[in-house]
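> only the shape, not the letters, is given here:
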């Protein structure tokens with residue numbers, strides 16, 4: 001499990017875009033529409049990989065997980081987007097994003113002064 005810090009990017013030499021583990025999580029259209037950096041996309045992909053490895057993705061809608069991962073990544077990378085912004089783009093209710101956000105932060109031990 002990865003402990004995220006504000007200034008660190010947990011890539012570990014892995015090419016996240018070619019990883020078969022995240023193929024069902026296509027973040028590209030959402031990242032583009034939200035005008036986010038590639039660094040935020042990579043951070044969100046890393047969160048999704050860790051969530052899958054921790055068994056947190058079973059019976060969860062991929063859209064809700066992507067929304068929460070993007071929300072967390074935005075906070076960690078300093079690219080502020082509201083849950084409402086992400087909700088409108090991805091089509092997931094803001095309260096669902098909040099629920100998945102809390103679960104991912106707690107279960108993956110994501111730490112930041114901004115969270």
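Cool, the structure landed. Just so it is clear, the model here is predicted, and its values are computed rather than measured.
> got the contact list for the residue sitting nearest the centre point of the chain?
Against the mean C-alpha coordinate of the chain, by C-alpha atoms, centre = their mean, the closest residue is residue 69 at 1.6 Å. Contacts for residue 69 (C-beta atoms under 8 Å, 6 or more residues apart in numbering) come out as 25, 27, 44-45, 47-48, 51, 104. In short, each C-beta sits where N, CA and C put it, glycine included.
> now those in JSON lines, with distance to residue 62?
Listed next are these as JSON lines, based on distance: C-beta to C-beta, whole Å:
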{"residue": "25", "distance to residue 62": "6"}
{"residue": "27", "distance to residue 62": "10"}
{"residue": "44", "distance to residue 62": "12"}
{"residue": "45", "distance to residue 62": "13"}
{"residue": "47", "distance to residue 62": "13"}
{"residue": "48", "distance to residue 62": "9"}
{"residue": "51", "distance to residue 62": "11"}
{"residue": "104", "distance to residue 62": "14"}
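> and of the residues you listed, the nearest to residue 78?
residue 44 (13.9 Å; C-beta to C-beta).
> what strand or helix carries residue 45?
helix 38-53 (DSSP states H and E).
> which secondary structure elements does that helix contact?
helix 28-33, helix 62-77, helix 94-107 (3 or more C-beta pairs under 8 Å, 6 or more residues apart in numbering; DSSP states H and E).
> could those helices go into JSON lines alongside distance to residue 87 and mean pLDDT?
Conversion of the helices and strands packed on helix 38-53 to JSON lines gives the following (distance: least, C-beta to C-beta, whole Å; pLDDT from 0 to 100):
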{"stretch": "helix 28-33", "distance to residue 87": "11", "mean pLDDT": "94"}
{"stretch": "helix 62-77", "distance to residue 87": "7", "mean pLDDT": "96"}
{"stretch": "helix 94-107", "distance to residue 87": "4", "mean pLDDT": "97"}
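> what's the most buried one of those helices?
helix 62-77 (a mean of 24; mean count of other C-beta atoms under 10 Å).
> all set, thanks.
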